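Enquirer: return atomic coordinates for the entry below.
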Amino acid sequence: MTSSAPARVLAPAPDEDRRTTAGKHPVPGIPSGRALGRIASLAARIFDAPMAGVVIVDGDQARLIASHGLAEDTETAGLPGLPASAVPQGEPYVVTDAAADPRTADHPLVRGGLAVRFYAAAPITTADGKHLGAVSVLDTRPRRPADDQLDALRDLAALVMEELDLRLSALHTVAAERARRADAERLARTLQRTLLPPALPTVPGLHAAAAYHTASPDEVGGDFYDLFPLNDGRWGLFIGDVCGKGAAAAALTSLTRYTLRAAAIYDPSPCAVLSNLDTVLKGEQQGGAPRHCTALFGILEPVAGGSFAVTLAGGGHPPALALRADGTVEPVATTGGQLIGLLHEPRFVQTTTRLDPGESLLLYTDGLVEARTPEGDMLGQERLARHLAAAGAPSADHVLHTVDGLLGSLGPGVGDDTALLALSVPVPPAPPLQENR
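Expert: Got it, this is the predicted structure:
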């Protein structure tokens, strides 16, 4: 006959009651982990038993997620008595001699190679009374457990529930953080687009291309560029970088772009444009922290032979790089130009160069030259120039493609946003050969 601990032996629940299981509690895909493995080992030690396990049950499907002395493929399906029937019970479920009990005698764990004779299980129960599984102890000899052993088994089941709740809370936290970051990234992309021209205008005789590389997908940078027509047949262009990140940088970027365009209409002289911007930024401080930026402002003017005269003024910004037809790369220096909006009487420096057919000009922000190489050094202007010279410069698109590949190769070494504006003068097609008659 089957004997049992007084007031502890509970009959297996009907099948319909076994539906209150893991399917109603979001803990699928639970990994074992060291904590649950230790609980199984502790259960075996408390009962001086060779086998123990933590089982999660969903309907008639049971999964062994932690064990001591049991193989991962041990049969734990919910046949009557072992172990799924323990799930709906409010107290530990005990079978003192499984081979003699008609409810369990034909179970694979009993008549198979494990030859289980003793089985005890405490239900893993949620705070609202849903049963997820059980902490089970198995032995190959019939036995009667002590009350304190069953109490300890119930405590271990409660510990499993606490561990599962902690893991579920962590999953929810991770999911919420991912959703927050996704929202922040969408907002940052949308806001960043509003700070840049949607498309560059078509300049007769010139090819223009631009790109923006973000270092952080969920943070708005302060880099900017633009190309626009003036009312006298010339073209204005600028590139720059405001201080800071986020919403404050976005507001300052918007103000800077608007001011540069408006100042160019009033007086397109490049140094005068930067001086006007300096005045506006100082007026916006109003006792707060300085609101400053670096910038290059330029004027494009078509000249004879299909070339362009480019006049640039710099305020603390890296020099543009001219990619010549002979393969050389030279900086268009505005050395000495000072930060805009920060100093009492800043100095801005202006220079002029010529862009002939087959030549290109690259304007960029400091995120490019301050990026770190795999060796930990800054890329720097000279190394950038050598890279561009090796790649050649047939067009503005090719220049951007070259820089894009360079940034990609630096990977985590790129720590700041980078704005790029490239201009190229195409080589006119050769006239068709005249056929001799």
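
Enquirer: show me where this structure has helices.
Expert: Secondary structure of the chain by DSSP state H: the helices cover 33-47, 108-111, 147-194, 246-266, 270-283, 366-369, 380-391, 396-410.

Enquirer: can you give me the buried ones in the first one?
Expert: The one in question is helix 33-47. 36, 39-40, 42-44, 46-47 (16 or more other C-beta atoms under 10 Å). Any C-beta I mention is one placed from the backbone N, CA and C, and that applies to glycine too.

Enquirer: likewise for the second one?
Expert: Judged by neighbour count using 16+ other C-beta under 10 Å, the buried positions of helix 108-111 are 109-110.

Enquirer: check the offset of that helix from the chain's centre.
Expert: Chain-centre distance of helix 108-111: 50 Å, with C-alpha atoms, centre = their mean, to the nearest Å.

Enquirer: if you average pLDDT over it, what comes out?
Expert: Across helix 108-111, pLDDT averages out at 83.

Enquirer: and what of the fifth one?
Expert: Averaging pLDDT along helix 270-283 gives 93.

Enquirer: who does it touch, helix- and strand-wise?
Expert: Here helix 270-283 touches helix 246-266, strand 293-302, strand 308-315, strand 349-355, going by 3 or more C-beta pairs under 8 Å, 6 or more residues apart in numbering; DSSP states H and E.

Enquirer: touching, residue 312 and residue 355? I think so.
Expert: No - contact criterion C-beta atoms under 8 Å: residue 312 and residue 355 do not qualify, at 11.2 Å.

Enquirer: who's more crowded, the two?
Expert: Using other C-beta atoms under 10 Å as the criterion, residue 312 and residue 355 rank with residue 312 on top: 27 against 23.

Enquirer: pLDDT score assigned to the more buried one?
Expert: Per the predicted model, pLDDT is 97 at residue 312.

Enquirer: now it. Nearest residue, chain neighbours left out?
Expert: Nearest non-adjacent residue to residue 312, counting by C-beta to C-beta, 6 or more residues apart in numbering: residue 298, 4.2 Å away.

Enquirer: please name the residues that touch the one you found.
Expert: By C-beta atoms under 8 Å, 6 or more residues apart in numbering, the contact list for residue 298 reads 236-238, 270, 310-313, 320, 363.

Enquirer: columns distance to residue 53 on top of those residues, output as CSV?
Expert: As requested, these are exported to CSV (distance: C-beta to C-beta, whole Å):
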residue, distance to residue 53
236, 74
237, 71
238, 69
270, 77
310, 76
311, 79
312, 74
313, 76
320, 70
363, 66
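
Enquirer: report the two of those separated the most.
Expert: The distance between the two most remote of the contacts of residue 298 (C-beta to C-beta) is 14.6 Å, for 236 and 320.
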